[in-house]
Every structure is written in C-alpha cells, then in structure tokens.
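Undergrad: can't give you the sequence, but here's the structure:
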C-alpha cells in the first residue's frame, strides 16, 4: 500500500487539522455526542425497563413452565394437597399473591407473595443465598404467627426496619398489621433486585390478609419436556372442574409484546436523533475537506496516494467519532437516569405494575451506543473522504469546481431521495407493514425527503432572490444566492434541521390528536357524576373488591339517584389471561364509542345482556378477532365461547378488555365482587361536597378513591400526558441536535467566506449590513427547512397515528388537525437558524476587511 | 440462573431447628459452629419427659403435640421367595413450632404449628445399591400430619396407617421406588426403658417416652424402576417423643434393633462421649418370644466394633461390624451390615442400615437381621481447622 515510514506523518496531518480547528472538531464532537447520548439514554431506559419487567415477572413466575388456575375466585386449596399426594413427583408450588403498599415501605406497589417454603426450591431464584443468619425462630414464626413477613435486608435497611418491627400493609384498601419475622440476604445483585419489589409471607398469612381462605391463586409447575403431553393429560385428569393447566409464559406474553412495541417506538424516535447527528457529521467532515483542498492537492503531488488521503479524512472523523461516542456514552448515562424513570412510569401507567424499579446499568446499551456512534461517523464521513481522495495532484480544486461537483451530486441525490421517499410512502400506504418495517419505511420517507430538500433549495433560492430584491434591496438578492452557491455546506444543515423539525411536528401532532381522541372518547363514556374504586396498589384498572357494606350504604346515600357497578378481573383464556370488565349499567350500550358494531348501541347492549361480549379495539386487534367471531374464556364450568357483539374504542389500556353484563359474569363465575362504582346524583347536588362526604364516611375501614367526573378526567389526562413526556423530551433533544447542525454549517460557511466578507466590507458594506446578510442567509435556511418540514411532519404524524400506534397499541386514532404545532415548528426552525447565525455574524462583523482578505 | 430458592433458606433454618429436634445430639457441637446464630434452645411451654407415664393404645400411636419433637421409625428386612434381600427405612419426624397453648388463633388451614420431615431408604443387597430420599412439609392443609385414632402418620404420599386391630400399612414412593407393605404386629407395643420412660442423662427431663413394635410380620411389594418384587419379612417400629436435648458431652450414638429367629428381639443403644468413651445411660431391652421384657443397662452388654468403613460421601469413619454379648443372657452375636454404604446424606448425615446377625443363644445357634443407626461420625464441613 505505502511505505510504513510515511504513516506517522500522515497521522500527524490529520491530528493537526483537528487541533488547529478546535471549533469544527468540537461541533462534530457535539453532533456525535448528542446523537449517541440520546440513543444510549433511550436504550438504557428500554433495557432497564425490560429487565425490571423481566425481574418483576420472574420474581413472581420463577422457573415455572405451567400453572394451574381456576379463575377469579381461585383454586380450592385441597387441589394442591391432592396433587402433592398423587405420587406425580413433579415440582409444584402453591402461590397466593397480592399487590400491596405500605407507608413504612415508601408506598410504592409491592408484590406480597404467599408461598410454601418447602415447595419453593425449584421455582424462584430470588431468595437464594446464605441465610444462615435467619434464626430458626423466624422460620417458625413464618408458619405460625399471623402477619409474619420476610423482607430483603436491603429493603429493611432502606426503610430503617429491623426484625420484629411492625408495619402496615394496604391490602385492598384496608390497612393490616404485619410483623417482620426475618430478613433475607440475597446472594447476588440480581436476587437483590428481584427482592426489591417483594414481600414474602406464608400462604396462610396471605390467605388471611386477602380474605381468600381455602383458595390458592395458582399452583406453579415445572413439567419435564419429555413426555410432556402425557404428563399434561395425567394432570388434567386430576383437576377439579373449572381448573385449567396453562403455560406460564402466556401469562406475561401479551404485556411483554406491548411493552416491546412501546420501547420500539421510543427507540425509533431516538434513532431519528442520530440521523440528524449523521447530517451534522457529514457537514463538518465535508467542510474540513473543502478547506484543505489545497493541502490535499499538495500531498497528492508529494506522492501520497488517494487511499491515504481517504484514510486521513476517515481517520480524523473516526477519531472524533470515538471521542464523541465516549462523551455521548457519559451523556447517555446521565440522561438515562431521567429516561429510566419516564419509561418505567409509562409502563406502570399503561401496561403492568412493575414492582422492581432499580436495575443495574445495562452494559450492552453502552456497547451498542459506542458502535452506533462509530457507524454513524463512518457512514457520514465516507462520502467526503472519498471526495477528498479524488483530489488530483497539485491542481487546486477551486471552490466553483467543488460546487459544481456538489451540484451534480445534489441532482443525483435528489433523484435517489425522491425515489426512496416515493417507494417508502407507497410501501406504507399499500403494504400491511408490521411495526419495525413501518418504522423503516417512515425513515425511508424522512431520509428521502432530506435528500430532495437541497434540490428544492437550489431551485427556490433564485426565485426568492427575485422576490426579496425589490423588498429589501441588494441584500435580498445577495443572501439567497449565497445560500444556493454554497450548497455543499448549507444543504446538509438544512436537511438536518428539516428532519428535526418534521419529527417534532409529527410527534406533537400525533400526541395532540391522540389527546383529542381521548378527550372526545371520555366525553362519551364518562357520563356519571362520581366514580369510586379501592385505593389499593394497582395503578391501572384496579381489581380489588370494594367492601359490600360500602356498596349497600352507597345505594341509599342521600343525593344519589342511581349507582352502577363494575367488576374488573383477569380471566384465563386460551390467549392467556384477559381483562374482563363486567358492568351493570343499563345504558352502557349508548355510552360507548363503537369501532365496529351491527345495529344501534341499544341493540348491541341487548345482545350483551343476552350473553354476548364486547371487545375493546386493542384486544380485538391483538387477538385478530372481529365482529361475529367468538372468544373462548375458561369458566368454572369449563371453556365457554362468547359471541362478540361489537368492538368498541377504548384508551384505558392497550392490553384491552372484554366487556360483559355483570349479571352474566356473576352467574357464570359465582363472583359477587365489585371493583368500581359510578353514581348519578340528584340535580342541584354539590358534587364536590358529596365526593368529600363519601370519601370521609362511605367506608371507614377500606380506603376508597372517590372522584368527581371532572377530577377523573383531569387525572386520566395527566396520566396521558405523563405517558408522552418521554416523546416530548426526545423531540426537544432532536431539535437541539439540529440546532447544533445549523450552527456548525453557518460557522463553516462564514469561516470560509471570510475573504468574501472582507471584500464586501471593503466595498462599503456596513457592520449592520454584514449582520443582516448573515442572519438573512441563516434565516432563509431556517425558513425553508421549516416550510419543507411542514408536509413531512404531517406525513410522519399520519404514519405514527395510522400505522405505528395501531401496530403498537391497537388503537385507531383520528388525525386531529391543529395549526399550532406547525406554526410552532416553523418558528422554532427560523429561530434556531437565526440563533445559529449570531456568532458567525458577530465574528464576520468584527474582522477588519484587510484582515479577512489576508487570511486567504 | 441459579436455582436455589427460598426452600434452601427454609431448609437451612429448618436444619438448625431440626438438628435440635431430630438428630441425636452428637453433631450439635459441630453444627453449632456453622449455624452460630442458632443456639440450641427449647421453647418454654412444651411438656418434658420427667417420669413414668401411662401409655394407652391406639391413642399413643398418634402424635403428642405437647412435646416438641417426635418420631415414628419403621425399618425392616424383607426377602423375595427366592431369597433376594432388601432393607427399608421409612421415618417421620415431627417438630412443634410452639406449644399448643401458645399458638395464636389462625383462620387459614395452612397456618402450621408443626413441621414434618421424612426419610425413605431402600437397601438392595444384591445390586449393592442404597436409595435414600428426604422430604419436608408443614403439618397443615393435609400435607403432613399424624393422628391417633385411626392411627396415621403421613407426609404427602408417604404414609403409615392402621388398617385394622394390630395391622398397619406403609406406602412410600420416590423416583421409581414404590414400597407397599402390610404389617401385622405379633407382640403388641413394647415399652422401652422404665415402662416407656427412657432416660438419656441424669438431669430431670433429659429423657424421652419410647415404645416399639418389635415384631411386625411384613408382606408386600417393592418396585424399583420397572422391576417389581413380592416380599415378606420382619419390620420394627420405634416411636419416641420428648422435649429435650441430650447433655452436651454426648457426641453421638449407636443404636441397634435386632430380630432373632429364636423369637427374641433386642434393642440396645450406647451414647458416646466426644472422647469415645461410653456414657453410663446407655441401655437396652431384651424382648422374649412371649413379649415379656428385660431392661438392660450399660453394664449388661458388651459392644465391640470389629472393623471400620470410611464413607466416600462424607468422609466419616463408621464402625462396620460388631460383636455384641449379653453375658447374663448367654447371648453372643456377630453383627455385619448387609451393605457397607447405607449412609444418608441429606439435611443431616448419618448411617442407618440393614444388618445381618449370626451367633449363639444359650448354646444354640441363632440368626437374624435388624437395623443399626450410627450418628455423630460425620465431620462438619467447616471442620476444626
């Protein structure tokens, strides 16, 4: 390739450039660091959320392959004794669990696991360890003393609890006393993390706490993979009526799928940040090449091969890439702390109550981030490096030559971009793409548009010059021409800004449309005046039963004209556990927004009263069921098919639910529990006064969460807003990356045009005019980027709403067009561009004409 | 991922509890070192064995929850029609968590005041194979328990129960082993020690209540994998309850149950001190064919180990054959294990195995079989180094 002796000096050439141009190096570094930082922080958040989710579910499910369940009322505890004594020799463990909170344990939801220690060994790995310190008295107490619980020593230390201390547990809204019988020493960090969210107690204790005497929630099993079918048949033959043997993995699969979709969404958003970063790197590297066209020519004349020139440029970029990636990793870790909280909060709000919160830093995320940063740098630097390598020996590549080369490239890129954008748009519109391909196609549209944008700029600038010249004089003609004449620098900046702004528009339009859909929907479904449920540990869709006494009192409460009840409960099905919402609201048929239904709301509801069910849209989408199909649920009398009378819109959870008539549910499942109520009040009643009256007096024992219609709406919307906090944060970061991009482009331009500025100054341009010219140029770039971002943003919003959301969450959302995001985005683009022009303008205005001209 | 779960903690803690209760005292010194925070303790409130009590059957076949610990020990030597020899052990241990009058009121059926442990072993002499299994459970929710009338003691599907007057059935299965036996008591319960009051030391209360069924004529079947054997022979049952630990000077014990073809049975045990000397409370009982008993004291018998065997599992060295003589009864016996390796390595390590007997009684040759239990020989893992 080359004599090895030359290598060190060539490396110096590259390194020297970076050192003598600290500002450029810094900008490139910032671009990479921000891009990597965003990607890493989101990846950390995702990985942490996934791990926390896994730990939360693993802590509960352990190594079980199957479990026996018997619906909402649980399994007769004798089933376990019978199976244990049947000589099956299978690992089996009884479980009764309960979400609880405790004021002494930070009030966060915790899983209270009721277990039989003698049966646990093969199942759950979270305790393990050297528990020699656990005195035998603790174990004795574990079985014999009411309310005895075990905590991890870490949890105890965190909350200042010691063995023998008492604490209160909120179980179904009722505060019950428990006593710390012993502390567990987790053996490794993983066990420690799983234990964070767990309180352990004996089966007997949890049965007594939760009032489920005589019942087990489930029996976990580990079935060997050999002869599994025969073993299953043998087990099933011994099960009582209504009990079913199910696969453990089905229990969390649907939740896992949905959280994965959610995480894919924010990963895609974070990658858009990196795309913007790529433009930035390209921009900076190109500039460095342009600036050194002379020295490259000289080097070539000295016998340096084009390969070596290529290596110098790429090496420089990669060097900055490495440093930038490292800075990005540090940035990502810092930002990751915030994102972890946001992502976990959303998963808790929308999908699943995770009891595990803190997990270790996923090293994989860091590795991925570093690789991503390097790859982005490589991709961005390869074209300029190649261009530099083409420098002919000794002949100075003139600026005009370069621009004409660039213009050719521009035309080619535009054609390619247009094709890419059109093909991607067609794929989105015509093909029924899955989630990740949908994102791929969306990226295709965005990148395609970014490639076409510079061409549009080239075409529009001369036109603008004609429009502006009469309005603001010679500067109006000069500025657009300057912009288009330096297309090699301005176009990547413009593309970056456009992408960032479009993503912001798309994101906020999606969120506002989503919000509007939810508001409209709540308008229809929330018609009662007061709503109540148990203030327990569940965050979404509480399943804790309200004390029957409270309901009796409610019915005869002065000022209340009617009360309706809802039972939310998980019911087993061949699709895994599904949420059933059984209510006795006779008008519910009309208080739904139907996605698909035959007949009027009244007719649909009549069918439901006759035994049919309604499916929420996300559930229907997930199970691929439609109108006229039926759905199988496991009932105490065996599997039963329910006809689907309609599909309704529902934004409560993306897990989805099945709505049925309360009387039917009670008859089939023999469960009289009520988990929520809603009431109508007599006209003229002061609702807020009644709410506080009910809150104070309805149920002295059980903590209830009673809210007026308006409070409930406000709370729902605040959960909604919290859910999208992370998306907004990502949009802001992306815009910041774009801002840095514009800044760097402007700076490069101005640095290069110093001589020209000198000439302009020499021929009499005032400082003010210099300022105007510079800001006009950047303003034009910003305005054009902003304008081009408008349609692109709209397309992104459409894709997010129509495709991505449906794929991810099963919701159909209508575009709710608002001008605000568009105007905002346009202003942001212009403001960012103007801001980016300030420093270059200041620099240009300070230099004396002679100084500037001498520089060249 | 590592699999040790909560049960391990439970087992460890239970080990600490159980060694106090279930395992003869020898190892308590050494085990104490590894589970330091668990000092030997007796929960106040349990009854003590501190004098002769009246036994009444069948109620006394059942549990005595006023006492903290109790065990039911079935051992036996059985043969197929063509003489293939098997030994078995099926043992249930009970441990009270709290004295009955201190138990809090509980509404769950799972709330437990008793914990159970059981051991099941089979010695296949011809195949030179010793199988052993251990189980734990709570004495609640029907998972494990004991009752007097009708008599039954069980842990899941391991079960001993009365099937009629003087007849019993045993059932146990684990990993391909299925033992199904019916037992006919030829002599009725034999009270050990002084009318069932068996003193282990000089302190008051350092004793147990102890009776045996020394000649249980046994028929039944044993399945090992796909092979099934029809068996007959003799079984022996010990039932003992107490609330005490042996004095700390005791390092272990050697216990013998011997069934002779002359119609006699013999139970002797000797308590060993740490220095290897024999404690004075060692004793035994000679049961005549008519069921009459003669109480034996340390000076009435001479037990001499003849050889030793080192366990490849625990490294412990056990005596491996003995001569036993009762000079006053003209009885001299040579005792040889059917299999050298009959060591149980579970929560506790001890040797409990089938033995073959040959010797002379009143000048006549006698033969027989029985079981030996050897405790306190296994070294603790953390040793004395």
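TA: Great, that's in hand. Quick caveat: nothing in here was measured; it's all calculated off a predicted structure. Numbering: from 1, shown residues only, chains lettered A, B, ... in the order given.
Undergrad: beyond the helix-or-strand element of chain B with minimal mean pLDDT, next helix or strand please.
TA: The helix or strand of chain B with the poorest confidence is helix B:28-34; it has a mean of 26 (mean pLDDT, DSSP states H and E). Where DSSP states H and E defines the elements, the next helix or strand beyond helix B:28-34 is strand B:69-79.
Undergrad: what angle separates the next helix or strand after that following strand from strand B:69-79?
TA: Where DSSP H and E defines the elements, the next helix or strand beyond strand B:69-79 is strand B:85-96. Interaxial angle of strand B:85-96 relative to strand B:69-79 (axes from the mean of the first three to the mean of the last three CA atoms, to 10 degrees): 170 degrees.
Undergrad: list the helices and strands strand B:85-96 packs on?
TA: Under the contact definition 3 or more CB pairs under 8 Å, 6 or more residues apart in numbering or on different chains; DSSP states H and E, strand B:85-96 sits against helix B:6-21, strand B:69-79, strand B:114-124, strand B:144-147, strand B:152-155, strand B:158-164, strand B:177-185, strand B:349-361. For glycine as for every other residue, the C-beta is placed from the backbone atoms N, C-alpha and C.
Undergrad: and the contacts of the helix or strand where residue A:67 lies?
TA: Here residue A:67, judged by DSSP H and E, is contained in strand A:66-69. Strand A:66-69 has contacts (CB atoms under 8 Å, 6 or more residues apart in numbering or on different chains) with A:61, A:75, A:79, A:83, A:95, A:217-223, A:232, A:235, A:239, A:243-248, A:251, A:572, A:634.
Undergrad: pull out the buried members of those.
TA: The neighbour count (16 or more other CB atoms under 10 Å in any protein chain shown) marks A:61, A:75, A:79, A:83, A:95, A:217-223, A:235, A:239, A:243-246, A:248, A:251, A:572, A:634 as buried among the contacts of strand A:66-69.
Undergrad: out of the residues you listed, list just those in strands.
TA: Using DSSP state E, the subset of the buried ones among the contacts of strand A:66-69 located in strands is A:75, A:95, A:218, A:219, A:220, A:221, A:244, A:245, A:246, A:634.
Undergrad: nearest to residue A:188, of these?
TA: When those are compared for distance to residue A:188 (CB to CB), residue A:220 wins out at 22.3 Å.
Undergrad: could you measure the nearest residue to that closest one once chain neighbours are set aside against chain B, distance?
TA: Spatial nearest neighbour of residue A:220, chain neighbours left out: residue A:64 (3.7 Å); criterion: CB to CB, 6 or more residues apart in numbering or on different chains. Distance of residue A:64 to chain B, given as CB to the nearest CB, to the nearest Å: 11 Å.
Undergrad: which secondary structure state does residue A:64 sit in?
TA: When classified by DSSP: H, G, I helix; E, B strand; the rest coil, residue A:64 comes out as coil.
Undergrad: so it touches residue A:219, yeah?
TA: No: applying CB atoms under 8 Å as the test, residue A:64 and residue A:219 come out as separate, 9.1 Å apart.
Undergrad: overlap in contacts, those two.
TA: residue A:93.
Undergrad: how much space separates the residue most central in space within chain B from residue B:210?
TA: Residue closest to the average C-alpha location in chain B (CA atoms, centre = their mean): residue B:73, at 4.5 Å. To residue B:210, residue B:73 is 10 Å away according to CB to CB, to the nearest Å.
Undergrad: what is in contact with the two at once?
TA: Between them, residue B:73 and residue B:210 share the contacting residues B:238, B:239, B:240, judged by CB under 8 Å, 6+ apart.
Undergrad: OK, contacts around the closest residue to the second one other than its chain neighbours?
TA: In other words, residue B:239. Closest residue to residue B:239 apart from its sequence neighbours, by CB to CB, 6+ apart: residue B:72 at 5.2 Å. Residue B:72 sits next to B:91, B:92, B:146, B:153, B:160, B:237, B:238, B:239 when contact means CB under 8 Å, 6+ apart.
Undergrad: cool, residue B:114 as well?
TA: Contacts of residue B:114 (CB under 8 Å, 6+ apart): B:63, B:65, B:94, B:95, B:96, B:97, B:138, B:139, B:140, B:144, B:145.
Undergrad: and which of the residues you listed is nearest residue A:276?
TA: Nearest to residue A:276 among these: residue B:138, at 62.4 Å, using CB to CB.
Undergrad: columns neighbour count on top of the contacts of residue B:114, output as TSV?
TA: Formatted as TSV, the entries for the contacts of residue B:114 read as follows, by neighbours: other CB atoms under 10 Å in any protein chain shown:
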residue	neighbour count
B:63	22
B:65	20
B:94	27
B:95	21
B:96	28
B:97	24
B:138	26
B:139	23
B:140	25
B:144	29
B:145	21
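Undergrad: TSV for these, including pLDDT?
TA: TSV is the format used below for those (pLDDT from 0 to 100):
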residue	pLDDT
B:63	96
B:65	94
B:94	93
B:95	89
B:96	90
B:97	87
B:138	92
B:139	93
B:140	93
B:144	95
B:145	96
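Undergrad: residues contacting the residue nearest to residue A:220?
TA: Per CB under 8 Å, 6+ apart, neighbours of residue A:64: A:93, A:123, A:220, A:221, A:222, A:248.
Undergrad: can you tell me which of these is nearest chain B?
TA: Using CB to the nearest CB, residue A:123 is the member of these that lies nearest chain B, at 5.7 Å.
Undergrad: phi, psi of that closest one?
TA: phi -100, psi -60 (degrees, to the nearest 10).
Undergrad: number of nearby residues for it?
TA: 23 (other CB atoms under 10 Å in any protein chain shown).
Undergrad: not counting sequence-adjacent ones, nearest residue to it?
TA: With CB to CB, 6+ apart, the residue lying closest to residue A:123 is residue A:62, at 3.8 Å.
Undergrad: which parts of the stretch 51-200 of chain A are strands?
TA: Taking DSSP state E, counting those that start in this stretch as the criterion, the stretch 51-200 of chain A carries its strands at A:66-69, A:75-76, A:92-100, A:110-115, A:148-152, A:166-171, A:174-184, A:198-202.
Undergrad: that should have said the stretch 101-250 of chain B, apologies.
TA: So, for the stretch 101-250 of chain B - with DSSP E, counting those that start in this stretch - the strands run B:114-124, B:129-138, B:144-147, B:152-155, B:158-164, B:167-174, B:177-185, B:190-191, B:197-199, B:207-224, B:227-242, B:250-260.
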